[in-house]
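In: Got a sequence here, can you model it:
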Amino acid sequence: MTSDAVSALIAKNPSLKTHRAKLESMGAGAYVIHRSWGFGQISRFDEAAQRLIIDFATKPGHPMDPAFCLTTMDVLPAKHLLVRRETDKATIAKLIDENPAQLVVEALQAYPNNATTAIDLEITLAQTIGEERFKKWWANAKKEIAKDARIAVPAKKTECYVLREIAVSAEEEILESFTGTRSARRRILLAEQLLSSLEKGAAAVDLATVLAGLTEAVRDSNQLDAAERLHGAAVRDDVARRVGADVASLEPSQASLIANPRDLPAISDRIPVHFQSHFLELILETHPIEARDIAFNLLKTSQGKFTTECIKFLVEKGHTAELANVFKRWQTEQNLRAPVLLWIVKNRGTPKFAKLLDDMITPRLLNAIFFAIDYEALQSASARRIPLADILSEDTELIGELLSRADPETARDLANTLMLNQGFEELTKKSLLARFIKLFPSIQSLVASDAESKEEQLLVSRESYERKREEYETIVSRKIPENSKAIATAREHGDLKENSEYKMAKQDQQVLIAQKSLLERDLGRARITDFREATTDQISVGSVVEIRSLTSGATTRYTILGAWDSDPDNHVIAYKTPLGLALLGRRVGDEVKVKIGASEDSYAVTSIARYVDRNPA
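Out: Below is the predicted model:
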């Protein structure tokens, strides 16, 4: 807009006088960013309509009231990245590809005070680079930006990236962040980053300040849990050695923090991965006599990388033979948990552990794997992936190796266990069963009978379906979780061979899993009917029939309903009962023979009616 056009606009609306400078910046050719329509360029000012004509990507030639634009649109300076993307494409493209840190520097130079929030900067960069490419580009660019002494990188997205007037080293920046925070967790993290930089040859900084801050944090902070405090003490001691301080005088000591062996399982669950090896060595140093037994106890309940660290520690300390015996004992006691099982199958063929694990690769191990997968599936309400199930599916040689010592009966039992397992999708089950059949062709009959049972539909009433559904929900949402808690509680009571509570809970689990599987199969086969398809011509599901015993002459009326609707006291029978099956398809006057147990009787059909006619909805 020209100065005259702005003056005319203000004359009509005096309240715009304070915004004159911004209005005058809205000239033809200026680039703008609008809250709703994004990046655009002012084409011209239509004096007759008193409207700015702006070309947005999705709204070319869009007319807008200048007064409205004051609060919804910003005019971008010539050095803004979005403007330069249009006016200096080659330079911006080169910076994007070759020098991300310089691109951020030049982006910050376009902002007042050379600073903007992380959120705003990321939005600008994403618009400059393109949404599809930005995510991957930014992941790599942040590493370069963090190394650039000119840029102060914020800890949170709501804080600002700042272009410094005087460049500082990465180590000085870490120290500045350390002294500027009161968070004990962040101090530990920053001190560890600083040590890492110094080990790579970075220039020395004032570590005495870091040591004082860490010592206070580890000793006094109520933010830290036991694992964080131990990790902090280890970092503190490393800093102390760097400055030549007396580590033995620092409190609390690492040894004192793990003095009680009962605290170690909870600590091991939360220590950082890179600290796990040091943690085990610290246990050996603090508890030299009990260290082996402590390591076995930690291994038993370990997760992820810590499982590998525990086994590596035991092997390196000369306990390989004991480890093999413990694995076998845990297998006998059904105490091999998923992380240990996963480690076994992953390392069974490695030169270092093949001899240790050779005797473990048996059908019994496959049974333990199936149990662990089923248990994890029942514990998890979500559809998250189960690593043990994934490796069983992806490692095409594993099932063959585990079944290499199996007899046909054992293989068939394991195949049946697989078919009832909750941790696999149906397609995965079929793929795994194909591997069984390749080794034991007779298992094909088991698969065929299962497929046949699945294909047969069950006719059921809506009421009986809802009862079954409620029974299923009770088992899944209440009984199985209660049983899982009972098993976990019983495990804590010690030796599983003599643990009657554990055995009873495990038996209950087998019953519940079988009930759950049967209900799932039946509910999947069920077809709800209102029995209106029944006719009076012949007996079908939904018929009310009278039959006369040819032996005694007595007449009885039966109602034949769905598979789950039996009520013998009221002469309601399911069509799947022997009498129901014998009567289906019969007409008035037909004679039928029915054998129930050892007795057989003959009946004549005397009448047929429809259940829905006698019981209207």
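In: List the contacts of L230.
Out: Residues near L230 by C-beta atoms under 8 Å, 6 or more residues apart in numbering: Q254, L257, I258, I267, I271, F279. Every residue, glycine included, has its C-beta placed from N, CA and C.
In: Ok, L323 next?
Out: Shown in contact with L323 (C-beta under 8 Å, 6+ apart): I311, L314, V315, L356.
In: do that again at 6 Å, thanks
Out: When contacts are counted by C-beta atoms under 6 Å, 6 or more residues apart in numbering, L323 touches L314.
In: Show me the shaky parts of the chain.
Out: When residues are selected by pLDDT under 70, those of the chain lie in 167-169, 201-204, 378-384, 446-456, 492-499, 596-598, 616-617.
In: so what are the domain limits for it?
Out: What automatic domain parsing lists as the domains of the chain is 3-76, 168-257, 262-435, 458-528, 543-614.
In: My guess is V218 contacts V235. True?
Out: No - assessed by C-beta atoms under 6 Å, V218 is found out of contact with V235, at 8.5 Å.
In: Give me the more crowded residue out of the two.
Out: Counting neighbours by other C-beta atoms under 10 Å for V218 and for V235 shows that V218 has the greater number, 27 against 22.
In: any idea how far the closest residue to the more buried one other than its chain neighbours lies from S197?
Out: Distances taken as C-beta to C-beta, 6 or more residues apart in numbering place G232 nearest to V218, at 4.3 Å, with adjacent residues excluded. In this view, G232 and S197 are 18 Å apart by C-beta to C-beta, to the nearest Å.
In: higher neighbour count, those two?
Out: Set side by side, G232 and S197 show more neighbours around G232, with 27 against 16, by other C-beta under 10 Å.
In: Next, count neighbours for R587.
Out: Neighbour count of R587, defined by other C-beta under 10 Å: 11.
In: need the contact list for it.
Out: When contacts are counted by C-beta under 6 Å, 6+ apart, R587 touches Q538.
In: what helix or strand is it on?
Out: Per DSSP states H and E: R587 is located in neither a helix nor a strand.
In: Which helix in the protein has the most residues?
Out: Looking across the chain with DSSP state H, the single longest helix is helix 500-525.
In: Pull out the buried residues from it.
Out: Using 16 or more other C-beta atoms under 10 Å as the test for burial, helix 500-525 gives Y502, A505, K506, D508, Q509, L512, I513, K516, L519, D522, R525.
In: Heading C-terminal from it, find the next helix or strand.
Out: Counting by DSSP H and E, the next helix or strand C-terminal to helix 500-525 is strand 526-528.
In: Can you give me the buried ones in that following strand?
Out: A526.
In: again, but for stretch 324-332
Out: Within stretch 324-332, the residues that count as buried by 16+ other C-beta under 10 Å are A324, V326, F327, W330, Q331.
In: Contacts only, for the first one.
Out: Same thing as A324. Residues near A324 by C-beta under 6 Å, 6+ apart: L356.
In: same check, this time on the fourth one
Out: Remark: with contacts taken as C-beta under 6 Å, 6+ apart, W330 is in contact with L336.
In: quick one: it from S3, how far?
Out: Going from W330 to S3 by C-beta to C-beta gives 86 Å.
In: doesn't L121 make contact with K157?
Out: No - with contact defined as C-beta under 6 Å, K157 does not reach L121; the gap is 9.5 Å.
In: Same drill for the two, tell me which one is more crowded.
Out: Set side by side, K157 and L121 show more neighbours around L121, with 21 against 11, by other C-beta under 10 Å.
In: excluding its backbone neighbours, what's nearest that one?
Out: Per C-beta to C-beta, 6+ apart, closest to L121 is Y161, 5.3 Å.
In: Counting neighbours, what do you get for I289?
Out: Number of residues near I289 (other C-beta under 10 Å) recorded here: 7.
In: swap that for A101, sorry
Out: A101, neighbours per other C-beta under 10 Å, totals 19.
In: Give me the three-state assignment for it.
Out: The local conformation at A101, judged by DSSP: H, G, I helix; E, B strand; the rest coil, is helix.
In: show me what contacts it?
Out: A101 sits next to E144, I145, D148 when contact means C-beta under 6 Å, 6+ apart.
In: what's the last one sitting at in phi/psi?
Out: Looking back up the chat, that one is D148. Recorded main-chain torsions at D148 are phi -80, psi 120, according to degrees, to the nearest 10.
In: Please tell me how far it sits from D88.
Out: Applying C-beta to C-beta to D148 and D88 gives a distance of 21 Å.
In: Tell me which of those two has more neighbours.
Out: Legend: neighbour count by other C-beta under 10 Å for D148 and D88, higher for D148 (20 against 15).
In: how near is the nearest residue to that one once chain neighbours are set aside to E176?
Out: In space, D148 comes closest to A101 once its chain neighbours are excluded; the distance is 4.2 Å by C-beta to C-beta, 6+ apart. Separation of A101 from E176 (C-beta to C-beta): 19 Å.
In: if we can go back for a sec, pretty sure the residue nearest to L121 sits in a strand.
Out: Yes - under three-state DSSP, Y161 falls within a strand.
In: For it, list each beta-bridge partner.
Out: Applying DSSP bridges to Y161 gives these bridge partners: T116.
In: Check which residues of stretch 78-92 are buried.
Out: Using 16+ other C-beta under 10 Å as the test for burial, stretch 78-92 gives H80, L81, L82, V83, R84, R85, I92.
In: How about residues contacting that stretch?
Out: With C-beta under 6 Å, 6+ apart, stretch 78-92 has contacts from Y31, F39, L76, A107, A110, T124, Q127, T128.
In: Which member of those residues is positioned nearest N570?
Out: Distance to N570 across those (C-beta to C-beta) is lowest for Q127, with 73.7 Å.
In: quick one: what helix or strand has the nearest residue in space to that closest one that is not next to it in sequence in it?
Out: Distance criterion C-beta to C-beta, 6+ apart; nearest residue to Q127, sequence neighbours excluded, is L82 at 6.0 Å. Element membership of L82, judged by DSSP H and E, is helix 81-87.
In: what are the ranges of the helices in the stretch 151-300 of the chain?
Out: Listed in chain order, the helices found in the stretch 151-300 of the chain under DSSP state H, counting those that start in this stretch are 170-180, 184-199, 207-220, 226-243, 254-257, 264-268, 276-286, 291-300.
In: Same question for the stretch 351-500 of the chain.
Out: When secondary structure is read from DSSP H, counting those that start in this stretch, the stretch 351-500 of the chain shows helices at 354-357, 363-379, 387-394, 398-402, 408-419, 426-439, 444-455, 462-474, 480-491, 500-525.
In: Dump these to TSV, plus distance to V544.
Out: Shown next, in TSV, are the helices of the stretch 351-500 of the chain (distance: least, C-beta to C-beta, whole Å):
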stretch	distance to V544
helix 354-357	66
helix 363-379	43
helix 387-394	50
helix 398-402	53
helix 408-419	39
helix 426-439	40
helix 444-455	30
helix 462-474	17
helix 480-491	40
helix 500-525	26
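In: Of all those helices, which one is nearest T116?
Out: Distance to T116, taken as C-beta to C-beta, is lowest for helix 387-394 among the helices of the stretch 351-500 of the chain, at 42.1 Å.
In: Could I get the buried residue list for the closest one?
Out: Neighbour counts over helix 387-394 (16+ other C-beta under 10 Å) mark P387, L388, A389, L392, S393 as buried.
In: Quick check, the last one in contact with T428.
Out: It stands for S393. Yes - look at S393 against T428 with C-beta under 6 Å: they come within range, at 5.3 Å.
In: returning to that earlier point: return the helix or strand just after the helix holding L82 as PDB; C-alpha atoms alone will do.
Out: Using DSSP H and E, the helix or strand that follows helix 81-87 in sequence is helix 89-98. Output of helix 89-98 as PDB, limited to C-alpha atoms (Å, rounded to 0.1, in the frame of the first residue of the first chain):
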ATOM      1  CA  LYS A  89      16.500 -20.500  -4.100                       C
ATOM      2  CA  ALA A  90      20.000 -21.700  -5.000                       C
ATOM      3  CA  THR A  91      21.600 -20.500  -1.800                       C
ATOM      4  CA  ILE A  92      18.800 -21.800   0.500                       C
ATOM      5  CA  ALA A  93      18.900 -25.200  -1.300                       C
ATOM      6  CA  LYS A  94      22.700 -25.400  -0.800                       C
ATOM      7  CA  LEU A  95      22.400 -24.600   2.900                       C
ATOM      8  CA  ILE A  96      19.700 -27.200   3.300                       C
ATOM      9  CA  ASP A  97      21.900 -29.900   1.700                       C
ATOM     10  CA  GLU A  98      25.300 -28.900   3.000                       C
END
